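[1] Quick one: sequence plus predicted model below, questions after.
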Amino acid sequence: MHKELGLTEQQVLEMYRYMLLARKLDERMWLLNRAGSIPFTISCQGHEAIGVGAAFALDRTKDWLCPYYRDLAMVLVFGQTAKEQMLAAFGKRDDPNSGGRQMPMHFGDKRYRILSGSSPVATQMLHAVGIAYAGKLDGKDHVVFASCGEGSSNQGDWHEACNFAGVHKLPVIFMVENNQYAISVHVSKQVAGENVASRAHGYGFPGVKVDGRDVFAVYREVKQAAERARRGEGPTLIEAVTYRLAPHSSDDDDLTYRTKDEVEEAKKMDPLQRFRHYLFANQLLDPQQEEELNQQLDQEVDDATEFAKKAPDPDQQELYRHVFA
Amino acid sequence: MPTISYIEGVTAAIREEMRADPRVFVLGEDVGVRGGVFRATAGLYEEFGQDRVLDTPLTESAIVGVAIGAAAYGMRPIAEIQFADFILPAVNQIMSEAAKMRYRSNGSWGCPLVIRAPYGGGIHGALYHSQSIESIFVGTPGLKIVAPSTPYDVKGLLKTAIRDEDPVLFLEHKRCYRWIKGDIPDEEYTIPLGKADVKLEGTDVTVITYGLMVHYALEAAKNLKDEGIHVHLLDLRTLVPLDKEAILEATAKTGKVLIIHEDNKTGGFGSEVSAIIAEEGLFELDAPIQRLCGPDVPAMPYNALLEREFMLDPQKIEVAIRELAEF
């Protein structure tokens, strides 16, 4: 499969490494939260194939991201590190996203053209359109990738962004990461009509539904969408279907609205396990290499955690910085 | 020294900034081919083309949200909200996004954006083409708010707003657009934000106001002069940042303060000005602070009599000043 897509063995292993790192960081943050070390976390578990597949399909030297809070794997591929994720989790001074101002997983990093985001959902869809329009005025050929959940795809801003980008044929990829739940509300109560992808027809551009647990399938669709965008043919909507393996956030109890059986069943199709099987089946990974990789990443997460724990808090006077009016 | 109208001040400022800086562009409903429903962007489409004078879909949140993305990228968008009454769908983008972009990114991302919004009544615009909206935004740190009264101020302040690194809400009073004319210099000039302007020096009553009410207060003051009442008139020009020093100085001039705005009284900007004077200028006062504002009714009706009842005018202002002078 990966050869058909033009991915080398090394790239495939790199993709797996990022997915696994994201998962391990995410799991560590839950532990830290349950131990009382960090007040909050919000999970990417189940979304790793989307983040990594998409980020690998984009041009990491010039494309832009307007991500949301389940895109940890994506921003790692774009350049943020495990240490930086932990700095954000602990809300420390040197958190590159916000200097400890925002909740964890609210990404924003000028170094990698990741636009700062907020908590009200789908607002970033419009920002993505604006960045795409600015690129057009500026004579650039960057693609802007904007993502959100299926719940957020019901916001007015989401629809306004699709329509605006469709009218002006702007190089935007709208990714909807459909993980079946908007906190507690199932997609069947969120989305009318066939699915999210089919909405694209109304905005005059293609919409595709893809298995969001298949990293190669996501890669293929995003790659095609990026090429289309760079050719000046306009936006693409991609609905990547997955399942949120963890509660919405550390403050949520998902067993109040779904069963343990349902979650266990979904875990059988965990995108990470699926990728692992592929690697073993294709002799890209053996047990010894896996052991080494696990050790390496565990060490990276340990180091990042210790580093962030000891890192300085912002000075209290920082409260008043960057205030202009 | 040419004489121009208030709205011509808007157009001139945008044109000059667009000529000087290729990053500046305009977007909004009907701003392109039509040149704006009020004609504020007349001639710009012809001079700068459709990409820099962009007719958008009819979606206020998108106008502001797209402008925020472009601004974060490094452009200097000027977003027009056709009537200030229609700004509400864009409030989340303004308050949650534009106003917080720099702060939440620890200074990494800026949002050099101007949102122009024609506001105010007295033009038979009924409930939804007459509103004042400043009270919604003045308590949102991260947003500058300008409300000029003269063509000279419009042009100078709008140019400064366009060059500002952070978001500015630029409120243009519709009644002033063609009614108010004034001289501007031939040479280029700008006016800094946050500086109030003393329109009249006086000894009896201090009037603090902005926008259209400056002109009504000037007229009232002219009439009262014959009665021997001398008004000290301060035009705030920008609401955020606010020229507190000028407010306290103006208070000290007469010891009697009348704050005027067309927006309704409760929770209006006058309460903030009043609180500042109460906190920092109480011992300069010889009378209770007075506010003359629009009534606390949901909005301005269409019927001419009802509209007149809502609107302040020079006569109502004259009465309020006289009463305060006699205190």
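    Received the coordinates, thanks.

[2] right, and residue B:9 touches residue B:149 too?
    No. Here residue B:9 lies out of contact with residue B:149, judged by CB atoms under 8 Å, at a distance of 10.9 Å. (Each C-beta comes from the backbone N, C-alpha and C, glycine too.)

[3] Now for these two: what residues contact both?
    Counting by CB atoms under 8 Å, 6 or more residues apart in numbering or on different chains, no residue touches both residue B:9 and residue B:149.

[4] And those two? Which one has more around it.
    Comparing residue B:9 with residue B:149 by other CB atoms under 10 Å in any protein chain shown, the one with more neighbours is residue B:9, at 29 against 26.

[5] show me the residues around that one that make contact.
    B:150-155, B:158, B:184.

[6] Got the confidence number for residue A:279?
    At residue A:279 the predicted local confidence, pLDDT, stands at 98.

[7] how about low-confidence regions in chain A?
    For chain A, not a single residue meets the criterion pLDDT under 70.

[8] Residue A:65 belongs to a helix?
    No. Applying DSSP: H, G, I helix; E, B strand; the rest coil, one finds residue A:65 to be strand, outside a helix.

[9] With the flanking residues excluded, which residue is spatially nearest to it?
    residue A:114 (4.6 Å; CB to CB, 6 or more residues apart in numbering or on different chains).

[10] which residues does that neighbour form a beta bridge with?
    Beta bridges link residue A:114 to residue A:65, residue A:109 when assigned by DSSP bridges.

[11] tally of neighbours for it?
    If we define neighbours as other CB under 10 Å, then residue A:114 has 25 of them.

[12] Check residue B:12 too.
    18.

[13] Hmm, residue B:152 and it touching each other?
    No. Using CB under 8 Å, residue B:12 is not in contact with residue B:152, being 10.9 Å away.

[14] between those two, what contacts are shared?
    residue B:184.

[15] Quick one: the helices in the chain, in order.
    Looking at chain A here, since you left the chain open. A:9-34, A:48-57, A:72-78, A:82-89, A:123-137, A:156-167, A:215-230, A:260-267, A:271-281, A:287-310 (DSSP state H).

[16] Chain B was what I was after
    B:6-20, B:44-48, B:60-73, B:91-92, B:101-104, B:134-137, B:151-163, B:176-179, B:212-225, B:244-254, B:269-280, B:304-310, B:314-326.

[17] Redo those as CSV? Include mean pLDDT and distance to residue B:237.
    Converted to CSV, the helices of chain B look like this (pLDDT from 0 to 100; distance: least, CB to CB, whole Å):
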stretch, mean pLDDT, distance to residue B:237
helix B:6-20, 98, 13
helix B:44-48, 98, 25
helix B:60-73, 98, 23
helix B:91-92, 98, 24
helix B:101-104, 98, 23
helix B:134-137, 98, 13
helix B:151-163, 98, 6
helix B:176-179, 98, 13
helix B:212-225, 98, 9
helix B:244-254, 98, 10
helix B:269-280, 98, 13
helix B:304-310, 97, 24
helix B:314-326, 98, 19
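
[18] Point out the most buried one among those.
    helix B:60-73 (a mean of 29; mean count of other CB atoms under 10 Å in any protein chain shown).

[19] what about that helix, distance to the chain center?
    21 Å (CA atoms, centre = their mean, to the nearest Å).

[20] and it, anywhere near chain A?
    Yes. Helix B:60-73 lies within reach of chain A by CB under 8 Å from any CB of the partner chain, at B:61-62, B:64-73.

[21] possible to save those residues as a markdown table with distance to residue A:239?
    What follows is the residues of helix B:60-73 next to chain A, written out as a markdown table (distance: CB to CB, whole Å):
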| residue | distance to residue A:239 |
| --- | --- |
| B:61 | 23 |
| B:62 | 21 |
| B:64 | 27 |
| B:65 | 22 |
| B:66 | 23 |
| B:67 | 28 |
| B:68 | 25 |
| B:69 | 22 |
| B:70 | 27 |
| B:71 | 30 |
| B:72 | 26 |
| B:73 | 27 |
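
[22] what's the span of stretch B:17-28 from first residue to last?
    One end of stretch B:17-28 sits 17 Å from the other (CA to CA, to the nearest Å).

[23] let me redo that: stretch B:19-31
    Stretch B:19-31: ends 17 Å apart by CA to CA.

[24] how about residue 247, what does it touch?
    As the question left the chain open, I've gone with chain A. Per CB under 8 Å, 6+ apart, neighbours of residue A:247: A:43, A:253-254.

[25] nope, chain B
    B:196, B:208, B:234, B:236, B:273, B:276-277, B:281.

[26] quick one: the nearest residue to residue A:234 once chain neighbours are set aside from residue A:204, how far?
    Take residue A:234 and drop its neighbours on the chain: the residue closest to it by CB to CB, 6+ apart is residue A:169, 3.6 Å away. Counting by CB to CB, to the nearest Å, the separation of residue A:169 from residue A:204 is 9 Å.

[27] Also residue A:114?
    28 Å.

[28] Would you mind naming what in the stretch 1-150 of chain A lies close to chain B?
    Counting by CB under 8 Å from any CB, the stretch 1-150 of chain A sits next to chain B at A:66, A:95-99, A:101-102, A:106, A:108-110, A:115-116, A:118, A:120, A:123, A:125-138.

[29] Need the residues touching each of residue A:169 and residue A:204.
    With CB under 8 Å, 6+ apart as the test, residue A:169 and residue A:204 both reach residue A:234.

[30] coming back round to it: give me the neighbour count for the residue nearest to residue A:234.
    16.

[31] How about residue A:265?
    11.

[32] which bits of the stretch 151-300 of chain B sit near chain A?
    Checking the stretch 151-300 of chain B against chain A by CB under 8 Å from any CB, the hits are B:165-166, B:240-241.

[33] Only whichever of these are buried, select them in ChimeraX.
    To isolate the buried subset of these in ChimeraX, counting by 16 or more other CB atoms under 10 Å in any protein chain shown, use the following:
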select /B:166,240
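
[34] Which two of the residues of the stretch 151-300 of chain B next to chain A have the greatest separation?
    Distance extremes for these: the farthest pair is B:165 and B:240 at 15.2 Å, using CB to CB.

[35] Now do the contacts for the residue in the stretch 101-250 of chain B positioned nearest to chain A.
    Closest to chain A within the stretch 101-250 of chain B is residue B:106: 3.4 Å, counting by CB to the nearest CB. Contact analysis of residue B:106 by CB under 8 Å, 6+ apart lists A:95, A:97-99, A:101, A:321-322.

[36] And these, which two are furthest apart?
    A:97 and A:321 (15.5 Å).

[37] higher neighbour count, those two?
    Legend: neighbour count by other CB under 10 Å for residue A:97 and residue A:321, higher for residue A:97 (27 against 14).

[38] Leaving out chain neighbours, which residue sits closest to the more buried one?
    That would be residue A:108: by CB to CB, 6+ apart, it lies 4.8 Å from residue A:97.

[39] Am I right that the one you found is in contact with residue B:109?
    Yes. Using CB under 8 Å, residue A:108 is in contact with residue B:109, at 6.5 Å.

[40] who touches both of those two?
    Contacts common to residue A:108 and residue B:109, judged by CB under 8 Å, 6+ apart, are A:115-116.

[41] list the buried ones in stretch A:243-259?
    Quick answer for stretch A:243-259 (16+ other CB under 10 Å): A:243-250, A:252, A:254, A:258.

[42] From the opening residue of it to its closing one, how far?
    Terminal-residue distance, stretch A:243-259 (CA to CA): 13 Å.

[43] before we move on, back to that, among the buried residues of stretch A:243-259, name the ones in strands.
    Among the buried residues of stretch A:243-259, none falls in strands (DSSP state E).

[44] For these, work out which two are farthest apart.
    For those, with distances taken as CB to CB, the pair at the greatest spread is A:243 and A:250 (18.7 Å).
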